[in-house]
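S.K.: no FASTA, just this:
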Ligand SMILES: Nc1ncnc2c1ncn2[C@@H]1O[C@H](COP(=O)(O)OP(=O)(O)OP(=O)(O)O)[C@@H](O)[C@H]1O
């Protein structure tokens, strides 16, 4: 069963109202050997949000997103997207989500245009429609002049843009992006922001992880803060910030690290 509103594929509960929560996890848990990466996460993202998942290095953001998008099997807990259980109903969920994972792996020997065509056909979208959507996405992403270049020759920012285009091609209800702006120049970042804003303005949901607090503050209306495998704050941006900048709030929530007054005395000392 799926509660997704119908888009490209048939929906089991046609005409059913979309659930108020786009994403909901309960007690999500993952351990790698002795390392507990995700220690019981209850993540909530309201439908239609532009949601940010933030936290220090190693907080468990990528592991959480991987479990929610069906890329990594949880040890315990559950994840629902659009009311469907990710691990009990993976086909329904995957039909309605788009993912830009960390360390994005692409088919390097295809051109950008071929990559989009391949993705669209895999999703069962008719060829003419894939071609039409691909050209629009290539234009918006400013990739037309590189569309016939092999992906292996794309720059980091171009890879992010073609990856985002591939993730959007089937018009998903929920889009998951792991560090989408990492390595992207400011002009390309503005393009990505514009595309994502347009996407959420029609009621779709974006969940993205980022270390760039200014960007999260500028874009997001909902924020989940992770530390040491747990959610330590979650809610509307203004509530999580509590009158501070998001950066200040994050430092309070996760605790500022020692700045090294005691150590590194040799660093920068002549002759040391
Ligand atoms: N495949 C793995 N094997 C072993 N440990 C892992 C693996 N993946 C993640 N971890 C560990 O799990 C913890 C959480 O990692 P994760 O990548 O989810 O954090 P993150 O919040 O995304 O970090 P960053 O902001 O640096 O990308 C870290 O301690 C990491 O070393």
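M.R.: Sure thing, it's come through. Bear in mind the structure is a predicted one, so any value in this text is a computation, not a measurement.
S.K.: gap between the nearest residue to residue 149 once chain neighbours are set aside and residue 137?
M.R.: Nearest non-adjacent residue to residue 149, counting by Cβ to Cβ, 6 or more residues apart in numbering: residue 111, 6.0 Å away. From N, CA and C alone the C-beta is placed, and that goes for glycine too. Distance, residue 111 to residue 137, by Cβ to Cβ, to the nearest Å: 14 Å.
S.K.: got the buried residues for the strand or helix carrying residue 231?
M.R.: Per DSSP states H and E, residue 231 falls inside strand 230-236. Taking 16 or more other Cβ atoms under 10 Å as the neighbour-count basis, strand 230-236 is seen to contain the buried residues 230-234.
S.K.: tell me who's in contact with the residue nearest to residue 200 when sequence neighbours are not counted.
M.R.: Distance criterion Cβ to Cβ, 6+ apart; nearest residue to residue 200, sequence neighbours excluded, is residue 50 at 4.9 Å. If you count contacts by Cβ atoms under 8 Å, 6 or more residues apart in numbering, residue 50 has them with 196-197, 200, 205-206, 219-222.
S.K.: helix/strand/coil for residue 269?
M.R.: Secondary structure, DSSP: H, G, I helix; E, B strand; the rest coil: residue 269 is coil.
S.K.: ditto for residue 129
M.R.: helix.
S.K.: residues in contact with it?
M.R.: Contacts were defined as Cβ under 8 Å, 6+ apart; by that measure residue 129 touches residue 120.
S.K.: residue 191 too?
M.R.: Contacts here follow Cβ under 8 Å, 6+ apart; on that basis residue 191 touches 140-142, 161.
S.K.: the strand holding residue 231 pairs with which strands, and in what direction?
M.R.: Looking at strand 230-236 with DSSP bridges, its partner strands are strand 222-227 (antiparallel).
S.K.: give me the contact list for the strand it pairs with.
M.R.: With contact meaning Cβ under 8 Å, 6+ apart, strand 222-227 is reached by 41, 43-46, 49-56, 59-61, 64, 216, 231-237, 240, 246, 249-250, 253-254.
S.K.: again, only using 6 Å
M.R.: In this structure, residues lying in contact with strand 222-227 by Cβ atoms under 6 Å, 6 or more residues apart in numbering are 43, 49, 51-55, 59-61, 231-234, 237, 240, 253-254.
S.K.: in strands, which of those appear?
M.R.: Secondary-structure check on the contacts of strand 222-227 using DSSP state E: residues within strands are 51-54, 231-234.
S.K.: widest-spaced pair of those?
M.R.: The most widely separated members of the ones in strands among the contacts of strand 222-227, counting by Cβ to Cβ, are 51 and 232 (15.7 Å).
S.K.: okay, and the beta partners of the residue nearest to residue 200?
M.R.: Checking residue 50 by DSSP bridges, which sets the bridge assignment, gives partners residue 206.
S.K.: offset the numbering so it begins at 8, please.
M.R.: All right, first residue 8 from here; so that's residue 57.
S.K.: residue 87 versus that one, what's the distance?
M.R.: Noted for residue 57: a distance of 20 Å to residue 87, by Cβ to Cβ.
S.K.: quick one: secondary structure of residue 36?
M.R.: Classification of residue 36 into helix, strand or coil gives strand, according to three-state DSSP.
S.K.: show the contacting residues for it.
M.R.: Residues near residue 36 by Cβ under 6 Å, 6+ apart: 45, 47, 82-84.
S.K.: what subset of those is buried?
M.R.: Buried positions within the contacts of residue 36, assessed by neighbour count (16+ other Cβ under 10 Å), are 45, 84.
S.K.: so of the contacts of residue 36, which ones are in strands?
M.R.: Using DSSP E, these in strands are 45, 47, 83-84.
S.K.: format these as a markdown table; extra columns: distance to residue 31 and pLDDT.
M.R.: Shown next, in a markdown table, are the ones in strands among the contacts of residue 36 (distance: Cβ to Cβ, whole Å; pLDDT from 0 to 100):
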| residue | distance to residue 31 | pLDDT |
| --- | --- | --- |
| 45 | 15 | 98 |
| 47 | 14 | 97 |
| 83 | 16 | 98 |
| 84 | 11 | 97 |
